[in-house]
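Q: Let's see this in three dimensions:
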Amino acid sequence: MLKALIVDDEGPARKRLKKLLAPLEEDGRLKVSAEAGDGVEALEILATNHIDVLFLDVQMPELSGFDVLERVAEDDRPVVVFTTAYDEYAVKAFEANAVDYLLKPIDKNRLGQAVARAERLVKTPAERTVNDARFEHLLDWLEKEEDSSQPAESSGETIRQLSVPFRDRILVIPVERIFAAEVQDGITRLIVLDEKPGLPAKTSSYMVSYTLEQLESRLDPEQFMRVHRSAIVQLDRIREMISWFSGRYKLVLEGGHEIIASRERSKVLRARMSL
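A: Next up is the predicted model:
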């Protein structure tokens, strides 16, 4: 019996998929072991439970389905079936890499085919190896398609500080206090070191109106590096580089904030850090 995890930020979508899977549960072929409403919760479940098949929504806040996959080591990854509303870009990615997906609203017969395929992959190591390679190709394809441009050209003038709206005031933040800049769900956030007299230093997140490309063009390239299509880090704030799957690195910044570098940029980062 397959142990399944449903990940979708919409409760009705999770409920409908679980209802469609009910006949398979009654037949003893599958059991929905857990549900998650976002990518963070999904990663927590995957870290503490054995899951055979993952029904993974693509578009979710904070972490997309693709972001979730990038954070799961290949050896621990279940068989994945993406679920998505019609998205031409996502469908192109799945079809280009022969990765299984279900379009919402999910068709019962198509769902049955996906489960049968998952059963076959779980039971057949050789086919599973081929399938895992397809997911690696998918992640590489996404990197090339979404981040194929060269690093943004500098305007020639690097900034020394940024003005950030915060509640009823504007904060002026020196760039040396910026650990990282990330894009999540279309929103750019700065990860900043906050220091207050008498209190331990901590990191805070501030939403800004700049795009990552705009920030990259104004930040000193000797200090900052684009390590992912959705992240820039200050190199001096990296405290650990943990080998991740498929040649990637998980970066642990001062204060414990974590960012996973893409495969191609991990190679550049390794050279820049003289490893």
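Q: and the residue in the chain sticking out farthest from the centre, helix, strand or coil?
A: Computed with CA atoms, centre = their mean, the residue of the chain farthest from its C-alpha average is residue 198, at 36.0 Å. When classified by DSSP: H, G, I helix; E, B strand; the rest coil, residue 198 comes out as coil.
Q: What values do phi and psi take at residue 79?
A: phi -70, psi 130 (degrees, to the nearest 10).
Q: let me redo that: residue 270
A: Per degrees, to the nearest 10, the backbone of residue 270 is at phi -60, psi -40.
Q: Am I right that it is in contact with residue 247?
A: No - contact criterion CB atoms under 8 Å: residue 270 and residue 247 do not qualify, at 9.4 Å. C-beta coordinates here come from the backbone N, C-alpha and C atoms, glycine included.
Q: Helices of this protein, start to end?
A: Using DSSP state H, the helices of the chain run over 11-26, 39-48, 65-70, 88-96, 108-123, 125-146, 212-218, 263-272.
Q: highest average neighbour count across these?
A: helix 65-70 (a mean of 21; mean count of other CB atoms under 10 Å).
Q: Output the contacting helices and strands for it.
A: Packing contacts for helix 65-70, counted by 3 or more CB pairs under 8 Å, 6 or more residues apart in numbering; DSSP states H and E, involve helix 39-48, strand 53-57, strand 79-84, helix 125-146.
Q: For residue 180, which of these is the nearest?
A: Set against residue 180 and scored by CB to CB, these come closest in helix 39-48, at 17.3 Å.
Q: got a list of contacts for the closest one?
A: 5, 7, 34, 36, 51, 54, 56, 60, 62-65, 67-68, 71-72, 76, 78 (CB atoms under 8 Å, 6 or more residues apart in numbering).
Q: Quick check: mean pLDDT of it?
A: Throughout helix 39-48, pLDDT has a mean value of 93.
Q: same deal with stretch 183-194?
A: Computed over stretch 183-194, the mean pLDDT rounds to 84.
Q: Could you check how far that stretch is from the centre of its chain?
A: From the chain centre to the centre of stretch 183-194 is a distance of 14 Å (CA atoms, centre = their mean, to the nearest Å).
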